[in-house]
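*Asks:* This is the structure alone, sequence omitted:
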């Protein structure tokens, strides 16, 4: 009888993502809030500066929320604008009328949100303590506006910098960024809003999570933030742990797994993960943060192969299986990557729609020159809706069949 014990851990477990990158997360304070739950058809808006605009490149934060609720048709819109602040000054490329500030509120209303994640303070923090009160007042106006729409506000902290010109300036800037993060936290408590602390986990992480400019996050950084966001909103670890014992005559399974067959030399089982894994970042070398990590104990000496839906995913010695084998590919990871691609494309089209090139000539006071292109922007709604349908259609994990057997000579 083949005696084995399999431990399958789907990606997203709080552990190590990349070589030398610690993903142990500090406990997030939720205050009086229970775990956030979304209702069917709700709309989520990302509003802020570069933290959210740069999210458009990989969609990790949106994916983290969307894939958690595979049975809810959620809609996401991203109004992040690099260089923007609570007074919409970064949107001054708009030619009046309307003013950038008026345009911001028009765009917020047009998304008809149920939940708004607000991430400002990075630009304002450059004024230091002298600009703090002005920032808080501006943020409160935004919160009041969201409240007036009947939507729920989720306040997001600033993030630290890895390098801002010189080490000395980096220290000063991070001190200011922390000051503004604390102010946002205090305001969240005062207004009884949810608060997501990105600053602390990033400041404590020693991994390679930033682009070369030392200011903006790379895809590994957003992968990390996706897990911080999930924890902050009260959701359990993105993990699926299954133990299969094939001792004696009949193998048994715990968790979301079922034994298909056990002929003494080969164990076949199926598993349906409750939630898909996060797509593995392209940067760095994945370690335990992969699609599935498999540990097999009690194998006789020799080599063993694990098949997933008839396709080989790993072959290793009994000793290596006992240590654990990381799988960074497979059906779930392919599904996650596909959904992520839909999210990125959808967001690209929405970006083109609400921030078109030559906006003044298409939608502004000079629309008499190129206003005919307005119809083309509106037609993007059809493609966006189709992509959202594909996202909703493919978010539910599929059942996979695994087979572990000795490697044939």
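*Replies:* Noted; the coordinates are in hand. No experiment lies behind these values; they were computed from the predicted model shown. Numbers count the residues shown, from 1 in each chain.
*Asks:* Neighbours of residue 81, how many?
*Replies:* Residues lying near residue 81 (other C-beta atoms under 10 Å) number 21. In this view, the C-beta of every residue, glycine as well, is placed from N, C-alpha and C.
*Asks:* For residue 144, give me phi and psi.
*Replies:* For residue 144, the backbone dihedrals (degrees, to the nearest 10) come out as phi -60, psi -40.
*Asks:* ok, it to residue 120 distance?
*Replies:* Per C-beta to C-beta, to the nearest Å, residue 144 is found 15 Å from residue 120.
*Asks:* Pick out whichever of these two has more residues nearby.
*Replies:* residue 120 (25 against 11).
*Asks:* now the strands for the stretch 301-409 of the chain?
*Replies:* Here the stretch 301-409 of the chain has its strands, by DSSP state E, counting those that start in this stretch, at 303-308, 311-317, 325-327, 400-406.
*Asks:* Quick one: closest of the ones you listed to residue 150.
*Replies:* Nearest of these to residue 150, taken as C-beta to C-beta: strand 400-406 at 41.3 Å.
*Asks:* Parallel or antiparallel, which strands does that closest one pair with?
*Replies:* Strand pairing for strand 400-406, determined by DSSP bridges: strand 267-271 (antiparallel), strand 303-308 (antiparallel).
*Asks:* Rebuild these as a markdown table, extending it with mean neighbour count, mean pLDDT and distance to residue 252.
*Replies:* Listed next are the strands paired with strand 400-406 as a markdown table, based on neighbours: other C-beta atoms under 10 Å; pLDDT from 0 to 100; distance: least, C-beta to C-beta, whole Å:
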| stretch | mean neighbour count | mean pLDDT | distance to residue 252 |
| --- | --- | --- | --- |
| strand 267-271 | 20 | 83 | 10 |
| strand 303-308 | 18 | 88 | 19 |
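*Asks:* Please tabulate the strands of the stretch 301-409 of the chain in a markdown table, including the columns distance to residue 233.
*Replies:* Output for the strands of the stretch 301-409 of the chain, formatted as a markdown table (distance: least, C-beta to C-beta, whole Å):
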| stretch | distance to residue 233 |
| --- | --- |
| strand 303-308 | 31 |
| strand 311-317 | 32 |
| strand 325-327 | 27 |
| strand 400-406 | 27 |
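*Asks:* mind checking which of these is nearest residue 108?
*Replies:* For residue 108, the closest of the strands of the stretch 301-409 of the chain is strand 400-406, at 41.3 Å, according to C-beta to C-beta.
*Asks:* Same list, the strands paired with strand 400-406, but as TSV with distance to residue 253 please.
*Replies:* Output for the strands paired with strand 400-406, formatted as TSV (distance: least, C-beta to C-beta, whole Å):
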stretch	distance to residue 253
strand 267-271	6
strand 303-308	15
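*Asks:* between the strands of the stretch 301-409 of the chain, which has the poorest average model confidence?
*Replies:* Note on these: strand 325-327 shows the lowest mean pLDDT, a mean of 72.
*Asks:* Against which helices or strands is that strand packed?
*Replies:* Packing partners of strand 325-327 (3 or more C-beta pairs under 8 Å, 6 or more residues apart in numbering; DSSP states H and E): strand 292-297, strand 311-317.
*Asks:* Single out the most deeply packed of the ones you listed.
*Replies:* For the helices and strands packed on strand 325-327, the largest average neighbour count (mean count of other C-beta atoms under 10 Å) is found in strand 292-297, namely a mean of 21.
*Asks:* related to what we said a few turns ago, among the strands of the stretch 301-409 of the chain, which comes closest to residue 101?
*Replies:* Distance to residue 101, taken as C-beta to C-beta, is lowest for strand 325-327 among these, at 49.4 Å.
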